[in-house]
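Visitor: no sequence on hand, only this structure:
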């Protein structure tokens with residue numbers, strides 16, 4: 001009995017492919033992996049990566065080496081990253097603003113299509129902060145207040161085109177109000193504007209408000225879930241309003257990286273994020289951990305891209 005060449009060749013190809021796939025799992029990684037942090041040492045992203053760096057070798061089998069590549073609001077690091085080979089030995093940790101705001105504010109050489117999401121690490125939602133003495137505690141109360149008050153309400157944010165600014169714009173649309181934006185150079189000045197009574201509310205991160213518990217309060221969290229640092233503050237969604245903005249931090253490999261390598265890195269990170277040693281460090285760093293898979297990251301970037309693009313059009317930064 002004779003076998004046709006096709007019957008012999010096809011199984012042989014399948015065996016070779018299977019052996020190649022297995023070899024990737026057996027040998028990757030076989031050297032340290034470079035972790036690019038687009039901001040300076042000591043910042044939130046850097047400290048998160050260095051906490052992960054201490055634990056992940058247990059699950060990855062190799063170390064990760066953190067490298068801070070600073071400049072031009074993370075543009076330098078990302079422009080460099082897109083030129084790196086898709087071999088699985090260089091990943092970058094980016095916050096969502098790199099894709100949702102930066103391309104509208106300056107010329108960049110990178111595109112979302114240059115990246116493959118691996119896993120999300122943290123999520124820091126935005127909030128609307130008001131004076132502790134404000135005669136309302138929630139969104140409905142705020143709406144009633146601004147409807148009764150003469151004139152426009154002013155709000156402070158951290159600079160034109162930032163997530164806090166865009167959150168303020170979205171909030172004004174939500175409550176059908178024409179607000180007066182006051183741009184500040186960072187969150188501290190935006191909080192000082194509110195503390196000084198120069199504005200009616202500030203669009204900031206919860207941590208900025210929690211630093212002044214006797215003088216400020218939050219009326220809502222702009223996230224799917226409540227912030228673990230202020231669990232008593234309801235989300236917009238819980239109050240019947242649709243506003244979900246914030247900054248989330250995720251791991252990315254170059255697009256084109258072999259699927260098996262993406263999965264290996266994902267699994268090692270996921271195990272690290274569930275590790276008791278890391279969770280203790282995360283608690284001390286006040287990290288708001290939030291898991292998303294690579295596919296979920298890729299989809300969320302697309303969805304948020306449309307949302308923020310419309311807001312940029314509204315404030316006149318793009319046509």
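Guide: On my side now, so go ahead. This structure is a prediction, so every number in the text was calculated from the model and none was measured.
Visitor: quick check: longest strand of the protein.
Guide: Longest strand of the chain, by residue count under DSSP state E: strand 115-131.
Visitor: that strand - what's its average pLDDT?
Guide: pLDDT averaged over strand 115-131 equals 97, rounded to a whole number.
Visitor: which strands and helices sit next to the helix or strand following it?
Guide: Scanning the chain past strand 115-131 towards its C-terminal end, the next helix or strand to appear is helix 139-148 (assignment: DSSP states H and E). Helices and strands touching helix 139-148, by 3 or more C-beta pairs under 8 Å, 6 or more residues apart in numbering; DSSP states H and E, are strand 115-131, strand 216-222. In short, each C-beta sits where N, CA and C put it, glycine included.
Visitor: chain neighbours aside, what residue packs nearest to residue 215?
Guide: By the measure of C-beta to C-beta, 6 or more residues apart in numbering, the closest residue to residue 215 outside its immediate chain neighbours is residue 132, 5.3 Å from it.
Visitor: burial count for the one you found?
Guide: The tally of other residues near residue 132 (other C-beta atoms under 10 Å) stands at 11.
Visitor: what residue lies at the spatial centre of the chain?
Guide: For the chain, the residue nearest the mean C-alpha position is residue 248 (1.6 Å; C-alpha atoms, centre = their mean).
Visitor: mind telling me what element that residue is part of?
Guide: For residue 248, the secondary-structure element it belongs to, assigned by DSSP H and E, is strand 246-254.
Visitor: avg pLDDT for that strand?
Guide: Summarised as a single mean, pLDDT over strand 246-254 is 97.
Visitor: give the pairing partners of that strand; include direction for each.
Guide: When sheet partners are counted by DSSP bridges, strand 246-254 sits next to strand 90-95 (antiparallel), strand 115-131 (antiparallel).
Visitor: tell me the buried residues in the very next helix or strand once past that strand?
Guide: Tracing the chain past strand 246-254, the next element assigned as helix or strand by DSSP H and E is helix 259-273. Within helix 259-273, the residues scored as buried using 16 or more other C-beta atoms under 10 Å are 260, 261, 262, 264, 265, 266, 268, 269, 272, 273.
Visitor: from the residues you listed, pick the one nearest residue 113.
Guide: Proximity of the buried residues of helix 259-273 to residue 113, judged by C-beta to C-beta, is greatest for residue 262, which lies at 15.6 Å.
Visitor: tell me the contacts of that closest one?
Guide: Contact analysis of residue 262 by C-beta atoms under 8 Å, 6 or more residues apart in numbering lists 88, 116, 118, 253, 294.
Visitor: okay, and for the stretch 1-150 of the chain, where does confidence drop off?
Guide: The stretch 1-150 of the chain contains residues with pLDDT under 70 at 1-26.
Visitor: what about the strands in it?
Guide: Secondary structure of the stretch 1-150 of the chain, counting by DSSP state E, counting those that start in this stretch: strands at 33-37, 64-68, 90-95, 115-131.
Visitor: quick one: distance of the last one to the chain centre.
Guide: Strand 115-131 sits 4 Å away from the centroid of its parent chain (C-alpha atoms, centre = their mean, to the nearest Å).
Visitor: what's the answer for the third one, then?
Guide: Taking C-alpha atoms, centre = their mean, one finds strand 90-95 lying 11 Å from the centre of the chain it belongs to.
Visitor: may I have the beta-bridge partners of the nearest residue to residue 121 once chain neighbours are set aside?
Guide: Leaving aside its sequence neighbours, residue 121 sits nearest to residue 249 (C-beta to C-beta, 6+ apart; 4.9 Å). Applying DSSP bridges to residue 249 gives these bridge partners: residue 95, residue 122.
Visitor: need the contact list for residue 249.
Guide: Contacts of residue 249 (C-beta under 8 Å, 6+ apart): 44, 45, 48, 93, 94, 95, 96, 120, 121, 122, 123.
Visitor: can you redo those residues as CSV with neighbour count and distance to residue 54?
Guide: Below are the contacts of residue 249 laid out as CSV (neighbours: other C-beta atoms under 10 Å; distance: C-beta to C-beta, whole Å):
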residue, neighbour count, distance to residue 54
44, 17, 17
45, 20, 16
48, 21, 11
93, 23, 15
94, 25, 21
95, 23, 21
96, 23, 25
120, 22, 20
121, 25, 15
122, 22, 17
123, 21, 22
